[in-house]
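Asker: Any chance you could fold what I've pasted below:
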Amino acid sequence: MATSEHSKSSFEKTMAQIIVKFKLFHSASIIEKSSEKPNLSTCEQSVSSAISDSAISSASRTENTATKFHAYCCHGSTSNNNRSKYYHTRNSPHWDAIDAVKNRDGNLQLSHFRKIKRIGGGGAGSVFLAELRGTKTYFAVKVEEIGGSNVRGMKNEIQLLQMLDHPLLPTLYFHCERGGKFYFVTEYCPAGDLNSLRRKQIGGFFPEEIAKFYCAEILLALEYLHSLGIVYRDLKPENVLVREDGHLMLIDFDLSQSFHHHGIDFVAEPWRGRSHSIVGTREYLAPEIVEEKGHGNAVDWWTLGVFLYELLYGSTPFIGWDTADTISNIVDEELFFPAIPHVSLEAKNLIRALLVKEPDKRIGRKRGATDIKKHAFFQDIKWPLVLSRTPPSLPKLHIKPITSAELQVREESW
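Answerer: Numbering: from 1, shown residues only. The predicted model follows:
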């Protein structure tokens, strides 16, 4: 017990240092973190054994995997998260609504959420808009089929979401497993994703000052993830949602990888964790991933360069006629900047520094996000005030209200 209390105290002190360093919050007080954490190493072994057990048939393996995934989800914790675990959303009306339901009915259940309509998805999953019954409070519910091929990604996403507490990252309000499916309940972002918003702009790209603001927010999100030992690995406009207040939220952590080691609560950048898996979106893949050389958190700086390029020019820099051509361009082709639209020299220089093909020469190799923040492109950004700024006003940023007709449609079961 003494060791647990000492670890808890160390964690709280580390989080205090992070908050001061990043200057993201305007209060020096920090909520206490729950010391009740699931035994993730035990769960990982359990899920892994279900995936790798070659002694059982394929059908039995799938059934066993789902069973053990359920055990993982429930082991050592409850699916009912609590506002006391979070700092930046502790005063959110979402928690007020959840607490009201808990006080009335006890533990929160999936049946408390009324499915309204599908708002996105792909692959094995879909995302639905849902209302917490009787509260007029809305959430996004991600639903994924539990199968042998995607168990690892879902397990990984649950673990990482439970670690996060940041204004630019999702809050996991509730999660559960039912009927061979897994359900994540997070914040609903009515403005949609950044790629859809980009396509609505004249020319299909953002003005430079707006692109700079969005890039700055994503840089802060990546800095926070890296401080936890997490490589995101799937940055693209489709994975960035626009909140109702105009700030951003980075989503989808199934391809992320944690190099978080037991007993280490803060990881200074850059760090030496390496992975040899080939993951990511084709046009955003870093050369070291394509060439299977092993990669660390420098891949996120490469994708940040592609991300900024796409915001400014409306397309990615190495796209080819097909997958093979794109991969070849990423490895061999030089970076090219179109003459139109006009982009500042500072923006081009940052993109060049981020899209250096050798990760050991890429910006961020020495001090991580700190190096990038100090680049001339961001010289007018006051980093401690980014999250308190009023986001840029866009003529095509429309918050579509939830209509009474949508609320009156025949309810579908989960």
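Asker: tell me the domain boundaries of this structure?
Answerer: 40-187, 194-388 (automatic domain parsing).
Asker: right, and the ones you listed - which one's nearest residue 413?
Answerer: domain 40-187 (7.6 Å; CB to CB). (C-beta placed from N, C-alpha, C; glycine too.)
Asker: so where's this structure uncertain?
Answerer: Residue ranges of the chain with pLDDT under 70: 1-81, 123-124, 148-149, 260-280, 395-401, 403-411.
Asker: At which residues are the strands of it located?
Answerer: Counting by DSSP state E, the chain has these strands, from start to end: 113-122, 125-132, 137-145, 174-178, 181-187, 230-231, 240-242, 248-250, 257-258.
Asker: Let me have these in TSV, extended by distance to residue 206 and mean neighbour count.
Answerer: Shown next, in TSV, are those (distance: least, CB to CB, whole Å; neighbours: other CB atoms under 10 Å):
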stretch	distance to residue 206	mean neighbour count
strand 113-122	21	15
strand 125-132	24	20
strand 137-145	24	20
strand 174-178	34	20
strand 181-187	23	22
strand 230-231	26	24
strand 240-242	12	24
strand 248-250	13	24
strand 257-258	29	20
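Asker: To residue 385, which of these lies closest?
Answerer: Among these, strand 248-250 sits nearest to residue 385 (CB to CB), with 15.8 Å.
Asker: What strands line up against that closest one, and which way round?
Answerer: strand 240-242 (antiparallel) (DSSP bridges).
Asker: who touches the strand it pairs with?
Answerer: With CB atoms under 8 Å, 6 or more residues apart in numbering as the test, strand 240-242 has contacts from 189, 191-195, 197, 214, 218, 248-251, 397.
Asker: residues in contact with the residue nearest in space to the middle of the chain?
Answerer: Using CA atoms, centre = their mean, the residue of the chain that lies closest to the mean C-alpha position is residue 251, 3.3 Å off. With contact set as CB under 8 Å, 6+ apart, residue 251 has these partners: 170, 186, 239, 240, 241.
Asker: let's go with 6 Å and repeat that
Answerer: 170, 239, 241 (CB atoms under 6 Å, 6 or more residues apart in numbering).
Asker: Give me the buried positions along stretch 142-156.
Answerer: 142-146, 148, 150-156 (16 or more other CB atoms under 10 Å).
Asker: shouldn't residue 139 be in contact with residue 185?
Answerer: Yes: with contact defined as CB atoms under 6 Å, residue 139 reaches residue 185; the gap is 5.1 Å.
Asker: what would the strands of the chain look like in a markdown table with distance to residue 306?
Answerer: Formatted as a markdown table, the strands of the chain follow (distance: least, CB to CB, whole Å):
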| stretch | distance to residue 306 |
| --- | --- |
| strand 113-122 | 20 |
| strand 125-132 | 24 |
| strand 137-145 | 25 |
| strand 174-178 | 31 |
| strand 181-187 | 25 |
| strand 230-231 | 16 |
| strand 240-242 | 13 |
| strand 248-250 | 15 |
| strand 257-258 | 19 |
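Asker: and residue 355, which of those is closest to it?
Answerer: strand 230-231 (17.6 Å).
Asker: Report the strands that pair with that closest one, each with its relative direction.
Answerer: By DSSP bridges, strand 230-231 pairs with strand 257-258 (antiparallel).
Asker: re the thing from before, so how far is residue 171 from the residue nearest to the centre of the chain?
Answerer: 11 Å (CB to CB, to the nearest Å).
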